[in-house]
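J.: Got a predicted structure here, sequence first:
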Amino acid sequence: MPQARVFVTRRLPTELQRLQEIANVEVWMGREPPPYEVLLAKVREIDGLLCLLTDKIDRQLIEIGTSLKVISQMAVGYDNIDVPAATARQIPVGHTPGVLTDATADLTWALLMAAARRVVEGDRFTRAGEWRTWEPDLLLGPNVTSATLGIVGFGRIGQAIARRAKGFNMRILYTSRHRCDPELEQSLGVEFVKFESLLQESDFVTIHTPLSDDTYHLFGEPQFALMKPSAILINTARGAIVDSDALYQALSSGEIAGAAIDVTEPEPIPIDSPLLTLDNLIITPHIGSASRQTREKMANMAIDNLIAGLKGERLPYCVNPEVYDVVSG
Ligand code: DGY
């Protein structure tokens, strides 16, 4: 039987041996993603695709991949993949939930603390030789302890943020499509509120919702207008949940006090973006899950999904399990 053919769109932080035992594996060695034309050419010849969030896996690509049996993404988010198109072709799509929850929550917390206590500004200030003496009002920021935190989206990562906030004795508000059960609310010490109330009452607002048609530009001018002038926004989810122009206006006019974002629209952020001129904004390059252990686990989960798909078995972490529904009649 001919070996399955697989294309992996970047070098992975783990061994590929167990994949190579069952498949002919080609790895894209570039530091940057393969161009769309390369993906289009590859997908015609492969049975399995292991991709990243930087690869646009759209309907055209999925329809051209007539031998494609599985798409496995090394990320929990999959807004770059046209899942309905894959489902229509009975192609299971895998992702990597759970293993990156704590790493992402840790980075979120680092950004929240850094923005509140002006860590990045302080570093720039020191390196610029501006530190002359201890000053009573130098680089003041708000308290984190006992402040009010608003969590938008209350899945695994939102809940992991609540656990961290509890240790800081914060009042924790959350909003989500579904209210979680009262025992969980009680154990995490969280209050369910409407999105608008969360914006009005929070000192820190942190975004943990997937990108979808419903959440695209969820934060725009009207939402910033509702927030406190002292509020700080954190986004480690997806850049397009926040309207960048509105964020620039809100930060530069003082409508909100600061922001710290790990994701932008587009990625990477263009070097001439006005956002990069702002001192009250921290930007990191989409490194929420970037701990060594986490990235290795993500890569292995993506390989598990890929191998299962190649063998015709159910993916352990499938975003479209309906492909397994037996059509009767
Ligand atoms: C994801 O997994 O969706 C993150 O954005 C990258 O780890």
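T.: Good, I have the coordinates. Numbering: from 1, shown residues only.

J.: number of nearby residues for Arg124?
T.: 12 (other C-beta atoms under 10 Å). Backbone N, C-alpha and C define where each C-beta goes, glycine included.

J.: Only the buried residues of stretch 247-265, if you could.
T.: 247-251, 255-265 (16 or more other C-beta atoms under 10 Å).

J.: just those residues now: which is nearest the ligand?
T.: Val263 (7.1 Å; C-beta to the nearest ligand atom).

J.: Please export the C-alpha coordinates of the longest helix anywhere in the chain as PDB.
T.: The helix spanning the most residues in the chain, taking DSSP state H as the definition, is helix 292-310. Provided in PDB are the C-alpha atoms of helix 292-310 (Å, rounded to 0.1, in the frame of the first residue of the first chain):
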ATOM      1  CA  ARG A 292       8.700  25.300  25.600                       C
ATOM      2  CA  GLN A 293       6.600  22.600  27.300                       C
ATOM      3  CA  THR A 294       3.300  23.900  25.900                       C
ATOM      4  CA  ARG A 295       4.500  24.200  22.300                       C
ATOM      5  CA  GLU A 296       5.900  20.700  22.500                       C
ATOM      6  CA  LYS A 297       2.600  19.400  23.800                       C
ATOM      7  CA  MET A 298       0.700  21.300  21.100                       C
ATOM      8  CA  ALA A 299       2.900  19.800  18.400                       C
ATOM      9  CA  ASN A 300       2.400  16.300  19.700                       C
ATOM     10  CA  MET A 301      -1.400  16.700  19.900                       C
ATOM     11  CA  ALA A 302      -1.400  17.900  16.300                       C
ATOM     12  CA  ILE A 303       0.600  14.900  15.300                       C
ATOM     13  CA  ASP A 304      -1.800  12.600  17.300                       C
ATOM     14  CA  ASN A 305      -4.800  14.100  15.400                       C
ATOM     15  CA  LEU A 306      -3.000  13.800  12.100                       C
ATOM     16  CA  ILE A 307      -2.100  10.200  12.600                       C
ATOM     17  CA  ALA A 308      -5.600   9.300  13.700                       C
ATOM     18  CA  GLY A 309      -7.000  11.000  10.600                       C
ATOM     19  CA  LEU A 310      -4.600   9.200   8.300                       C
END
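
J.: which other helices and strands contact it?
T.: strand 4-8, helix 17-20, strand 48-51, strand 70-73, strand 93-94, helix 101-116 (3 or more C-beta pairs under 8 Å, 6 or more residues apart in numbering; DSSP states H and E).

J.: Go through these and name the closest to the ligand.
T.: Here helix 101-116 is closest among the helices and strands packed on helix 292-310 (C-beta to the nearest ligand atom), at 6.9 Å.

J.: other SSEs contacting the closest one?
T.: By 3+ C-beta pairs under 8 Å, 6+ apart, helix 101-116 packs against helix 156-167, strand 204-207, strand 232-235, strand 258-261, strand 281-283, helix 292-310.

J.: Need these in CSV (columns: distance to the ligand and mean pLDDT).
T.: Converted to CSV, the helices and strands packed on helix 101-116 look like this (distance: least, C-beta to the nearest ligand atom, whole Å; pLDDT from 0 to 100):
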stretch, distance to the ligand, mean pLDDT
helix 156-167, 10, 98
strand 204-207, 12, 99
strand 232-235, 11, 99
strand 258-261, 12, 99
strand 281-283, 15, 98
helix 292-310, 7, 98
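
J.: how about a markdown table for these, with distance to Val43 added?
T.: Below are the helices and strands packed on helix 101-116 laid out as a markdown table (distance: least, C-beta to C-beta, whole Å):
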| stretch | distance to Val43 |
| --- | --- |
| helix 156-167 | 31 |
| strand 204-207 | 32 |
| strand 232-235 | 32 |
| strand 258-261 | 32 |
| strand 281-283 | 33 |
| helix 292-310 | 14 |
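
J.: so how far is Phe7 from Asn235?
T.: Using C-beta to C-beta, to the nearest Å, Asn235 is found at 31 Å from Phe7.

J.: next one: Phe224
T.: Phe224 is 42 Å from Phe7, by C-beta to C-beta.
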